[in-house]
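**Q** below: sequence and its predicted model.
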Amino acid sequence: MIERRTAGHDAGESPLASANDRAIRRLVEEHFDFIWRLLRRLGLSQSDADDAAQEVFIVAARRTASIESGRERTFLYGTALRVLANARRGARRRRETTGAALPELPAPARAADELIDDDRAHARLDALLAALPAELRRVLVLAELEELTAPEIATLEGIPIGTATSRLRRARERLRELAAAETERATERSDA
Amino acid sequence: MTEHDDTPLGADATLGMLLAAAKRETPRAEAREHALERALAAAHQPAPSRRNRSLAATGVLLALAAAVALWTSVESARDAPANVTAERVPPLAQTNPTPDLPKPRAGASATSEDVPATGAPPAQVEKPQAPRPAPTLADEIAQLEAARAALGAGDPKRALALLDHYTHATRGARLGDEALVLRLDALTRAGRGAEAAALARDFVAKNPGSPLVDRARAFTADPNAARAAAGGGTTP
């Protein structure tokens, strides 16, 4: 006779619930900060990044069973970009209906050594990043802030490694030009 | 400008400072905890998307059914005497035949024993398969279910081979603990109780917080040795 027992398991949970919960917990522990920083550097405010990152992991939690092992970060990255696009569309609609103006970019600091406030630094970097095309911005953030390699970036973006490398090169070049132009403007203002 | 093209931006004083500040920015711990709570809650609720609702529900139900069967079988199989397992084939073995699994590659470093496929027709076991994408959680459950079915059919060696395959194919990423409990049971039934006990003790020591630690602890004493010490027969 087959004896089926379920008693004895902690809290009476099914093992899949337990396995799923562990998988979700691991996803959050290992990738939340990455996703949140990504969303921040791709243009969301801190509170919007909180909400969007949460949405990313809710989506992931509902699909844990279908995420390929070893491709969790790729799944989360793609989800984050979709959530980001939705968040931006929502923000655009709100602006259109309320007539609210776009937030002004912060004035650049006069010189690098006066940059003492991280919030100002974040805003200044984001202003520079905002001037990059989206595909260059993403690659730059992944390489410079998340310190991912070109193959890792290529995997996340779903592009050839050569394309990732050339985009990164163009992104760095463009950002240097932007930073130099900003510094030049700041110097002219201080001289005036 | 080209001399800078491949140089990280951190080498630039201004950009280096901006990037360093960005790297220091981290989410609030509360945001992370809240996301975890919401994600866990969402996992236990039906997906709201109209498009994906039925598919997701089917997947979850399938996975739940497989996992519940796996779990209860581990429970019942563990309690069974090692020499009467043949009559303890659980119902799922009748309706959910052992999934096809590729044979370990010749020369592969897997520790699988060369076990005949007693639980499935050879044609199924030797069915060639193209390189597969990384397994999903549902795949992992199916593989463990196959091992459990072999165990339930009284074939612990095949169960061990399937568990070796699981570990090799998935690196035990998500259901490693569940696989371990099955392995302990299979080793014990295969007459390798001492090995099971050592493995169980190691697991208990390294994973005191695992929800399966009590299951593993039940195997920490070698039943064969205990039986021998008591004057009973030993498992070959």
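**A** All right, it came through fine. What you see is a predicted model, and the numbers here were worked out from it, not measured in a lab. Numbering: from 1, shown residues only, chains lettered A, B, ... in the order given.
**Q** domains of chain A?
**A** A:13-103, A:104-192 (automatic domain parsing).
**Q** so which of these gets nearest B:Arg148?
**A** domain A:13-103 (11.2 Å; C-beta to C-beta). Where C-beta positions appear, they are placed from N, C-alpha and C, glycine not excepted.
**Q** pLDDT of the closest one, averaged?
**A** Average pLDDT, domain A:13-103: 84.
**Q** output stretch A:61-77 as PDB, nothing but the C-alphas.
**A** The C-alpha trace of stretch A:61-77 is given here as PDB (Å, rounded to 0.1, in the frame of the first residue of the first chain):
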ATOM      1  CA  ALA A  61       8.200  35.600  -9.800                       C
ATOM      2  CA  ARG A  62       5.200  34.600 -11.900                       C
ATOM      3  CA  ARG A  63       7.500  33.000 -14.500                       C
ATOM      4  CA  THR A  64      10.200  31.500 -12.300                       C
ATOM      5  CA  ALA A  65       9.400  28.000 -13.600                       C
ATOM      6  CA  SER A  66      10.000  29.100 -17.200                       C
ATOM      7  CA  ILE A  67      13.200  31.000 -16.700                       C
ATOM      8  CA  GLU A  68      16.200  29.000 -18.000                       C
ATOM      9  CA  SER A  69      18.800  28.200 -15.500                       C
ATOM     10  CA  GLY A  70      21.800  30.500 -15.900                       C
ATOM     11  CA  ARG A  71      19.700  33.100 -17.900                       C
ATOM     12  CA  GLU A  72      18.100  34.700 -15.000                       C
ATOM     13  CA  ARG A  73      19.900  38.000 -15.400                       C
ATOM     14  CA  THR A  74      19.100  38.100 -19.100                       C
ATOM     15  CA  PHE A  75      15.400  37.600 -18.300                       C
ATOM     16  CA  LEU A  76      15.400  40.300 -15.700                       C
ATOM     17  CA  TYR A  77      17.300  42.700 -17.900                       C
END
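**Q** how about that stretch, does it reach chain B?
**A** Yes - Stretch A:61-77 comes into contact with chain B (C-beta under 8 Å from any C-beta of the partner chain), by way of A:Ala61, A:Arg62, A:Arg63, A:Thr64, A:Ala65, A:Ser66, A:Ile67, A:Glu68, A:Ser69, A:Gly70, A:Arg71.
**Q** and stretch A:172-189, by the same measure?
**A** Yes - contact of stretch A:172-189 with chain B (C-beta under 8 Å from any C-beta) involves A:Arg172, A:Glu173, A:Leu175, A:Arg176, A:Glu177, A:Ala179, A:Thr183.
**Q** out of those residues, which comes closest to B:Arg192?
**A** The closest of those, once distances to B:Arg192 are taken by C-beta to C-beta, is A:Arg172, at 57.6 Å.
**Q** and that closest one, how far from B:Gly10?
**A** Distance check for A:Arg172 against B:Gly10: by C-beta to C-beta, to the nearest Å, it reads 11 Å.
**Q** for the host helix or strand of A:Asn20, packing partners?
**A** Assigning secondary structure by DSSP states H and E places A:Asn20 in helix A:15-41. Packing partners of helix A:15-41 (3 or more C-beta pairs under 8 Å, 6 or more residues apart in numbering or on different chains; DSSP states H and E): helix A:46-62, helix A:72-98, helix A:118-130, helix B:13-24, helix B:29-43, helix B:50-79, helix B:137-152.
**Q** export the ones you listed to a markdown table and append columns for distance to B:Ala200 and mean neighbour count.
**A** Compiled in a markdown table, the helices and strands packed on helix A:15-41 are given as follows (distance: least, C-beta to C-beta, whole Å; neighbours: other C-beta atoms under 10 Å in any protein chain shown):
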| stretch | distance to B:Ala200 | mean neighbour count |
| --- | --- | --- |
| helix A:46-62 | 31 | 22 |
| helix A:72-98 | 29 | 16 |
| helix A:118-130 | 50 | 19 |
| helix B:13-24 | 43 | 18 |
| helix B:29-43 | 29 | 17 |
| helix B:50-79 | 12 | 18 |
| helix B:137-152 | 16 | 26 |
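**Q** so for A:Glu29, which of the ones you listed sits nearest?
**A** Per C-beta to C-beta, nearest to A:Glu29 of the helices and strands packed on helix A:15-41: helix B:29-43, 8.0 Å.
**Q** and the longest helix for chain A?
**A** Looking across chain A with DSSP state H, the single longest helix is helix A:161-191.
**Q** dump the residue contacts of A:Val83.
**A** A:Leu39, A:Ala52, A:Glu55, A:Val56, A:Val59 (C-beta atoms under 8 Å, 6 or more residues apart in numbering or on different chains).
**Q** nearest to A:Arg26, out of the helices and strands packed on helix A:15-41?
**A** helix A:72-98 (8.3 Å).
**Q** could you export the helices and strands packed on helix A:15-41 as TSV, including distance to A:Arg189?
**A** Putting those into TSV (distance: least, C-beta to C-beta, whole Å) gives the following:
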stretch	distance to A:Arg189
helix A:46-62	29
helix A:72-98	29
helix A:118-130	15
helix B:13-24	16
helix B:29-43	37
helix B:50-79	53
helix B:137-152	57
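**Q** center of chain A - which residue?
**A** The centre of chain A sits closest to A:Leu38, judged by C-alpha atoms, centre = their mean, with a distance of 1.6 Å.
**Q** measure the residue lying closest to it once chain neighbours are set aside to chain B for me?
**A** In space, A:Leu38 comes closest to A:Ala80 once its chain neighbours are excluded; the distance is 5.9 Å by C-beta to C-beta, 6 or more residues apart in numbering or on different chains. Between A:Ala80 and chain B the distance is 12 Å, computed by C-beta to the nearest C-beta, to the nearest Å.
**Q** A:Ala80 and A:Val59 touch, don't they?
**A** No - contact criterion C-beta atoms under 8 Å: A:Ala80 and A:Val59 do not qualify, at 9.4 Å.
**Q** any common contacting residues for those two?
**A** By C-beta under 8 Å, 6+ apart, no residue touches both A:Ala80 and A:Val59.
**Q** pull the number of nearby residues for residue 156.
**A** If you meant another chain, say so; for now it's chain A. 23 (other C-beta atoms under 10 Å in any protein chain shown).
**Q** sorry, should have said chain B
**A** With other C-beta under 10 Å as criterion, B:Pro156 counts 26.
**Q** got the contact list for it?
**A** Contacts of B:Pro156 (C-beta under 8 Å, 6+ apart): B:Thr85, B:Ala150, B:Asp185, B:Ala186, B:Leu187, B:Thr188, B:Arg189, B:Ala190.
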